[in-house]
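**Student:** requesting a structural model of the entry that follows:
(chains A and B)
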Amino acid sequence: MSWQGELNKYLAGAYKNWIISKRNVFTLFELFFWPLISLLSIGLMTTFLRLGEQMVSFLLVGAVALSVLQVAQIDVAYVLLFDMWSKSIKNTFTAPVRSYHLIFGSLIFGIVRGTVVFTILVTLCYFFFGFNFLEGGLIPVLIFLAGVFSVAAVIGITVCISILTFGQKADVAAWSLSGIIMLVSGIYYPIEVLPAPLEVIARLVPLTYFLEYYRSVFIPGQHNLAIGIILAISYLILGLVLFERSIEKARMTGMILRLSE
Amino acid sequence: MSEKAVDAQGICKSYKSIHGKQSIVLKNISLKIDQSEIFGLLGPNGSGKTTLISIFSTLIWPDRGSLRILGMDAKSNKETIRSQINISTGKSNFPWSLTVQENLKHYAMLYGMHGQQLAGTVDEVINAFELEEYREMKFEDLSTGLKQRLSLAKAMLNRPKLIFLDEPTAGLDPEIALKTRKLIRGIHKEQEIPVILSTHNMLEAEMLCDRLAFIRKGKIVALDTPDALKHQLKLGEKVIVHYVGKLEIKELEKLPGVLNIIASPGKVEIVVDRTNENLDSIIKKFAEVRILDIKIKEPDLEDVFIELAR
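**Tutor:** Now for the predicted structure:
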């Protein structure tokens, strides 16, 4: 198969997500409403509490990271969720596609939507709260976003695995997993304030390190970006392997057939 | 054309419920299907037809048994096989908010098509399945018949060497069902594609299939051409007589060749073996009554179905 044909296997997921999203009014909520509400709530709280510049940057970076993560991870999960809701999963899995075609295809669209959300929120941060996200230059922003998108991919993969393993009801994972990440990865507070067992978990979440790195641009301090990168890449590879296995397992258990009925 | 379209040996499949209860769906299915035929999997609801067709299309895997599709081992050549086969299901479903054209484009992309080839193929199947008028219509707005046509169009996107149709006319009204059957016959004849279809519709099986496997409770209980199946089961012809007068039904039962009698006031249906030899003695028993009408009906697959489903 030519490289263009192979590329199109990836783009098929992005194409489907794009068409469905542009016809769905709730997409506007995902892109604008919830991220805006979240950012303004946090931003106004910092004003009310009269927090200093460093604390404001700490919280706004967390709020932006969470919104971008939520949008991108749901896009990855949509690759299976849309098929499951329309009961057309059979058509996808009789086609010659692999797990990585599905995940990276939908991640492309997740990156596009996540970047749109990021751009909007960064602009609002500047005009409403005087916080310049680009103060440290473009490279830290790109590294930070790459970290957020890789974690989004891992969460999306986990949702897909859950659906293929436990069936339709597991779609609740699509909305709850990012909540757990919010709790343990230091979105709104340093992970040192977590109870000891949760802090250990936080140290296993790559987003923790990407947040530490990006915050270090505004609040001088230590970071372990390398650990974050290693963890993100490891989880991504492990996730893809497990997703491929869960597809094969769903073919054995007949779950793929049940999800189409 | 020497390779079998499907060569299955000892296929077994069972499902486990969430509570751990196991239900056996297919029991030791062995089947060889030629590339030149339309092969039918016939059976009542819940007999295992959909599971078997899902296994043949590599959507799911069997618990045990070997499977070769188009001469290739199904597990070790799954991607090559998937790129050379396709499936259309009755009660078809596609992403709801995508139009006919968008759905076809999406699946063509999944099959690795690109550029001119992609656009050309989508246009080609839209024309072939008379979907031009509905090109911009969303899937959720299509009628059942159009959804089915879209499903068949999708199944032709990759120019498959083998096509699976799972209950292709389920839920269609008789006129559209007839059209769909003609379409299937056309695909098989003009493009020389072997077709494997599952159905519980006797007429469909009789109209389309060169050979049939009758599945009951996960087992193949009969396998042959539709005509041979009728003969194998020794289903006699039905002599249907409408009459006026008093008829001794018990006398009829004693006659040679009479397999079964269904009597109602003024009407009797006599199932007869070797009608040409035995008809004369049967008619003689009607000497005392006035015959209004007499018909001789050959057994059809409906009778085979009833017989085998028992």
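
**Student:** outline the domain layout of chain B.
**Tutor:** Chain B breaks down into these domains under automatic domain parsing: B:6-231, B:236-299.

**Student:** most tightly packed of those domains?
**Tutor:** With neighbours defined as mean count of other CB atoms under 10 Å in any protein chain shown, these peak in mean count at domain B:6-231, which reaches a mean of 19. For the C-beta atoms, the positions are set from N, CA and C on the backbone; glycine is no exception.

**Student:** might you report the residue contacts of the residue in the stretch 151-300 of chain B that chain A sits nearest to?
**Tutor:** Among the residues of the stretch 151-300 of chain B, B:Lys154 lies nearest to chain A; the distance is 6.8 Å by CB to the nearest CB. Listed by CB atoms under 8 Å, 6 or more residues apart in numbering or on different chains, the contact set of B:Lys154 reads A:Asn91, B:Asn86, B:Ser88, B:Phe94, B:Asn103, B:Leu104, B:Tyr107, B:Val125.

**Student:** tell me the one of those nearest A:Ala146?
**Tutor:** The nearest member of these to A:Ala146, counting by CB to CB, is B:Tyr107 at 31.3 Å.

**Student:** which SS class is the closest one?
**Tutor:** helix (DSSP: H, G, I helix; E, B strand; the rest coil).

**Student:** centre-most residue in the chain?
**Tutor:** Going with chain A. Nearest to the geometric centre of chain A sits A:Ala152, at 2.3 Å (CA atoms, centre = their mean).

**Student:** sorry, I should have been clearer: chain B.
**Tutor:** Chain B, centroid-nearest residue using CA atoms, centre = their mean: B:Thr199 at 3.3 Å.

**Student:** so what sits opposite that residue in the bridge?
**Tutor:** B:Leu42 (DSSP bridges).

**Student:** picking up where we left off before, which of the contacts of B:Lys154 lies closest to B:Asp224?
**Tutor:** For those, the nearest to B:Asp224 is B:Ser88 (25.5 Å; CB to CB).

**Student:** in terms of helices and strands, where is that closest one?
**Tutor:** Element membership of B:Ser88 [criterion: DSSP states H and E] is strand B:85-89.

**Student:** strand partners (parallel or antiparallel) of that strand?
**Tutor:** Sheet pairing of strand B:85-89 (DSSP bridges) gives strand B:162-166 (parallel).

**Student:** so after the partner strand, what's the next helix or strand?
**Tutor:** helix B:174-191.

**Student:** other SSEs contacting that next one?
**Tutor:** strand B:38-42, helix B:144-155, strand B:195-199, helix B:202-208 (3 or more CB pairs under 8 Å, 6 or more residues apart in numbering or on different chains; DSSP states H and E).

**Student:** chain center to it: distance?
**Tutor:** Remark: helix B:174-191 is offset 13 Å from the chain centroid, using CA atoms, centre = their mean, to the nearest Å.

**Student:** related to what we said a few turns ago, give the contact list for the closest residue to the residue nearest to the centre of chain A other than its chain neighbours.
**Tutor:** Excluding its sequence neighbours, the residue lying closest to A:Ala152 (CB to CB, 6 or more residues apart in numbering or on different chains) is A:Ala72, at 3.5 Å. Under the criterion of CB under 8 Å, 6+ apart, the neighbours of A:Ala72 are A:Leu107, A:Gly110, A:Ile111, A:Arg113, A:Gly114, A:Val148, A:Phe149, A:Ala152, A:Ala153, A:Gly156.

**Student:** of the domains of chain B, which shows the lowest average pLDDT?
**Tutor:** Least confidently modelled of the domains of chain B is domain B:236-299, at a mean of 86 by mean pLDDT.

**Student:** which of the domains of chain B sits closest to A:Pro96?
**Tutor:** Judging the domains of chain B by CB to CB, what sits closest to A:Pro96 is domain B:6-231, at 4.0 Å.

**Student:** what distance separates the closest one from the centre of its chain?
**Tutor:** Distance, centroid of domain B:6-231 to centroid of chain: 10 Å (CA atoms, centre = their mean).

**Student:** ok now stretch B:274-293, how far from the chain's centre?
**Tutor:** The answer for stretch B:274-293 is 37 Å, by CA atoms, centre = their mean.

**Student:** what comes into contact with it?
**Tutor:** Stretch B:274-293 is contacted by residues B:236-237, B:239-248, B:251-252, B:255-258, B:266, B:270, B:272, B:296 when judged by CB under 8 Å, 6+ apart.

**Student:** can you get me the start-to-end distance on it?
**Tutor:** For stretch B:274-293, the first-to-last residue distance is 21 Å (CA to CA, to the nearest Å).

**Student:** and if you look at stretch B:10-26?
**Tutor:** Termini of stretch B:10-26 sit 9 Å apart (CA to CA).

**Student:** who touches it?
**Tutor:** So stretch B:10-26 is contacted by A:253-254, B:27-31, B:48, B:51-52, B:55, B:60, B:62-67, B:218 (CB under 8 Å, 6+ apart).

**Student:** hmm, back to that, let me know which of the helices and strands packed on helix B:174-191 is the nearest to A:Val193.
**Tutor:** Proximity to A:Val193 (CB to CB) singles out helix B:144-155 among the helices and strands packed on helix B:174-191, at 53.8 Å.

**Student:** that closest one vs strand B:162-166, what angle?
**Tutor:** 150 degrees (axes from the mean of the first three to the mean of the last three CA atoms, to 10 degrees).

**Student:** and helix B:144-155, C-alpha only, in PDB?
**Tutor:** Taking Å, rounded to 0.1, in the frame of the first residue of the first chain, the C-alpha atoms of helix B:144-155 are listed here in PDB:
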ATOM      1  CA  THR B 144     -34.500   1.400   5.800                       C
ATOM      2  CA  GLY B 145     -34.100   0.400   2.200                       C
ATOM      3  CA  LEU B 146     -31.700   3.200   1.500                       C
ATOM      4  CA  LYS B 147     -29.600   2.300   4.600                       C
ATOM      5  CA  GLN B 148     -29.400  -1.200   3.300                       C
ATOM      6  CA  ARG B 149     -28.300   0.000  -0.200                       C
ATOM      7  CA  LEU B 150     -25.700   2.100   1.500                       C
ATOM      8  CA  SER B 151     -24.500  -0.900   3.400                       C
ATOM      9  CA  LEU B 152     -24.100  -2.900   0.200                       C
ATOM     10  CA  ALA B 153     -22.400   0.100  -1.500                       C
ATOM     11  CA  LYS B 154     -19.900   0.200   1.400                       C
ATOM     12  CA  ALA B 155     -19.300  -3.500   1.000                       C
END
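
**Student:** narrow the contacts of stretch B:274-293 to those in helices?
**Tutor:** Using DSSP state H, the subset of these located in helices is B:Glu251, B:Leu252.

**Student:** and chain A, which of the contacts of stretch B:274-293 reach it?
**Tutor:** By CB under 8 Å from any CB of the partner chain, no member of those lies near chain A.

**Student:** how about the residues of the stretch 1-150 of chain A near chain B?
**Tutor:** So far as CB under 8 Å from any CB goes, the stretch 1-150 of chain A lies against chain B at A:1-2, A:4-9, A:11-12, A:15-16, A:19-20, A:23-24, A:82-83, A:86-88, A:90-98, A:101.

**Student:** what subset of those residues is buried?
**Tutor:** Taking 16 or more other CB atoms under 10 Å in any protein chain shown as the criterion, what is buried in the residues of the stretch 1-150 of chain A next to chain B is A:5, A:7-9, A:11-12, A:15-16, A:19-20, A:82-83, A:86-88, A:90-97, A:101.

**Student:** on that earlier part again, any idea how far the residue nearest to A:Ala152 lies from chain B?
**Tutor:** Distance of A:Ala72 to chain B, computed by CB to the nearest CB, to the nearest Å: 20 Å.

**Student:** next: A:Ser162.
**Tutor:** 14 Å.

**Student:** what do you get for A:Leu80?
**Tutor:** As defined by CB to the nearest CB, A:Leu80 lies at a distance of 12 Å from chain B.

**Student:** pLDDT score assigned to that residue?
**Tutor:** Reported pLDDT for A:Leu80: 93.

**Student:** quick one: residues contacting it.
**Tutor:** Contacts for A:Leu80 (CB under 8 Å, 6+ apart) come out as A:Ile89, A:Leu102, A:Val159, A:Cys160, A:Ile163, A:Leu164.
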